[in-house]
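# Predicted structure and sequence below. I'll ask about it afterward.
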Amino acid sequence: MWIEYKSVITIILCFTSLFLSAQTEKKYNALCSGIPWFDNNGNTVSAHGANIVKENRKYFLFGERHKDGTNAFAGFNCYSSKDLYNWKFENIALPVLLTGKLDSNSVGERPKVMKCPSTGEYIMYMHADTLGYTSQYVGFATAKKITGPYTFRGPLLFNGKPIRKWDMGTFQDKDGSGYVLLHGGDIYKLNADYKSISEQISMAFEKGFESPAIFKKDSLYYFLGSDLTGWERNDNYYFTATSLKGPWTKEDSLRRKALLTWNSQTTFVLPMEGIKETTYMFMGDRWSFPKQASAATYVWQPFTVMGYTISLPEFKEAWKIDQKTGVVSIATVKGKTIAAGDQQIIYAGSWKQDTLTVRSSDEKGASFSFTVKGKQIGIYGLARPDGGYAVITIRNSNGKAVLSSSIDLYSKYPVVLLKFLSPVLKKDTYTVTVTVLGERWWWKEKSGRLSGSKGNFVSVERVLVKN
Ligand code: GLA
């Protein structure tokens, strides 16, 4: 059964990259959360549990490279971008190792890179583990160039011993000191060469509190994390303190002002300093096992920071940041709207009208398609607790597939969202087909509880076409 499943996944993957290599032009002009992003080669950006380092006006994104169908370590990817919207694939910064921790039969998660100010070396930290998450430590790897390749150096040692915890993050303070953060709230200060620990400055103070991330504004530190629910979404929350040593005070505004952190789990906060403003960007993962490579997405939103209060008061579907000033503006995904009930959309298989505006199906192989003239295509769907996967294929006027992508229609609460936006394509007549896959997101949490979607529904609300 597993072998069969694996070969189906392999076929889908080969199929996808074959299509993608044919893609010609692609461009984004805003940051859209919760949709698959395509890199300069037309492949889905795979960089989860990520962090970003800015150097010479370029952002370098490091994250987990995933494969669909398995959770085994597939390497850590590095991408670069000047605007945060268009990503160039640089390298597999740390590839799968032949043996030992981080081989093809292990888990490698949450890579975080920092440049060591005293040596000029780039140091990558990560959670290294067995496939069953039973023997973890914080490991590190080093490189002379930011893009790598990084050489794995084994566990990061404190008093000669590895740190045996799983979710981790990093924080670099303004004075150049580097810190490693662990779930629960431990904070370790790195030695000057960033290759070992000098002292533990904060002891775990909260049960769970996974995916740790810290940022500092003025004289206040904000320590973010999630509840312990594996890849299932929860309301992330945070603590504040005037010193990294604590005491840390629990705050509530993020829970109250961002429903389930807009269906994501935090991984990093990127401060973006402009001449007018510093914007703090929340970086979260919208996980989607077993399609972490093709259907997991990113929720990157600008924080509102006021004193002790941080929030993501509304979900920004699309937004921009002026790289010079640091000022954020809201963008709109514009285009001609075609409603789900419009005659231009042709349905095959069994679809039902769910609400006035939404058509849904959970029948494997059911599909809808439409032919439009334009250069960018968006699809709004109803994400819901029983939402499943769909595969989207875009063909040009010669019938050639120029793009293929999976999307995940799962959400813990029903909500109509932009679920797909193509990059800017060559102006042409395109035929778009969206097929119900008959599969869903699921995950067995560390506690043994099964989480994820309750069904395989694909629900379309409207389509957008930009000329
Ligand atoms: C949590 C962690 C992730 C990963 C998953 C696996 O979500 O934050 O990094 O380990 O659990 O269950």
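Thanks, I have the structure now.

# in stretch 101-116, what counts as buried?
Using 16 or more other Cβ atoms under 10 Å as the burial criterion, the residues of stretch 101-116 that qualify are 101-102, 106-116. C-betas here are computed from N, CA, C, even on glycine.

# In strands, which of those appear?
106, 107, 108, 109, 110, 111, 112, 113, 114, 115 (DSSP state E).

# among those, which are within reach of the ligand?
109, 110 (Cβ under 6 Å from any ligand atom).

# and of the ones in strands among the buried residues of stretch 101-116, the nearest to the ligand?
residue 109 (4.6 Å; Cβ to the nearest ligand atom).

# Point me to the helix or strand that includes residue 284.
Element membership for residue 284, per DSSP states H and E: strand 278-286.

# Please compute how far that strand lies from its chain's middle.
Chain-centre distance of strand 278-286: 10 Å, with Cα atoms, centre = their mean, to the nearest Å.

# Pairing partners for it, with directions?
As defined by DSSP bridges, the strand partners of strand 278-286 come to strand 265-273 (antiparallel), strand 297-302 (antiparallel).

# any chance of the ones in strands among the buried residues of stretch 101-116 in JSON lines, plus pLDDT?
Below are those laid out as JSON lines (pLDDT from 0 to 100):
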{"residue": "106", "pLDDT": "98"}
{"residue": "107", "pLDDT": "98"}
{"residue": "108", "pLDDT": "98"}
{"residue": "109", "pLDDT": "98"}
{"residue": "110", "pLDDT": "98"}
{"residue": "111", "pLDDT": "98"}
{"residue": "112", "pLDDT": "98"}
{"residue": "113", "pLDDT": "99"}
{"residue": "114", "pLDDT": "98"}
{"residue": "115", "pLDDT": "98"}
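
# Spell out which residues of this protein are next to the ligand.
So far as Cβ under 6 Å from any ligand atom goes, the chain lies against the ligand at 49, 109, 110, 167, 210, 211, 230, 231, 265, 446.

# Just the buried subset of the residues you listed, written out for PyMOL, thanks.
To isolate the buried members of the residues of the chain next to the ligand in PyMOL, using 16+ other Cβ under 10 Å:
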select buried, resi 49+109+110+167+210+211+230+231+265
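
# Name the next helix or strand following the helix or strand harbouring residue 213 along the chain.
In the assignment (DSSP H and E), residue 213 maps to strand 210-217. Downstream of strand 210-217, the first helix or strand assigned by DSSP H and E is strand 220-226.

# Without its sequence neighbours, what residue ends up closest to the residue of the stretch 351-467 of the chain found nearest the ligand?
Going by Cβ to the nearest ligand atom, the ligand is nearest to residue 446 of the stretch 351-467 of the chain, at 5.9 Å. Leaving aside its chain neighbours, residue 446 sits nearest to residue 230 (5.9 Å; criterion: Cβ to Cβ, 6 or more residues apart in numbering).

# Can you tell me which member of the residues of the chain next to the ligand has the lowest pLDDT score?
Within the residues of the chain next to the ligand, residue 446 has the lowest pLDDT, namely 70.

# and that one, what element?
Going by DSSP H and E, residue 446 is not in any helix or strand.

# who's in contact with residue 348?
366, 367, 368, 369 (Cβ atoms under 8 Å, 6 or more residues apart in numbering).

# a markdown table for those residues, including secondary structure?
As requested, the contacts of residue 348 are exported to a markdown table (DSSP: H, G, I helix; E, B strand; the rest coil):
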| residue | secondary structure |
| --- | --- |
| 366 | coil |
| 367 | strand |
| 368 | strand |
| 369 | strand |
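
# from these, which single one is nearest residue 220?
Nearest to residue 220 among the contacts of residue 348 is residue 368, at 49.6 Å by Cβ to Cβ.

# So the closest residue to the closest one other than its chain neighbours: helix, strand or coil?
Excluding the flanking residues, the one nearest residue 368 by Cβ to Cβ, 6+ apart is residue 347, at 4.8 Å. Under three-state DSSP, the three-state class of residue 347 is strand.

# Show me the beta-bridge partners of residue 187.
Bridge pairing for residue 187 - DSSP bridges - gives residue 181, residue 202.

# re earlier: could you check the distance from the residue nearest to residue 368 over to residue 141?
Between residue 347 and residue 141 the computed distance is 50 Å (Cβ to Cβ, to the nearest Å).

# So for these two, which residue has more residues nearby?
Higher neighbour count among residue 347 and residue 141: residue 141, with 24 against 14, using other Cβ atoms under 10 Å.
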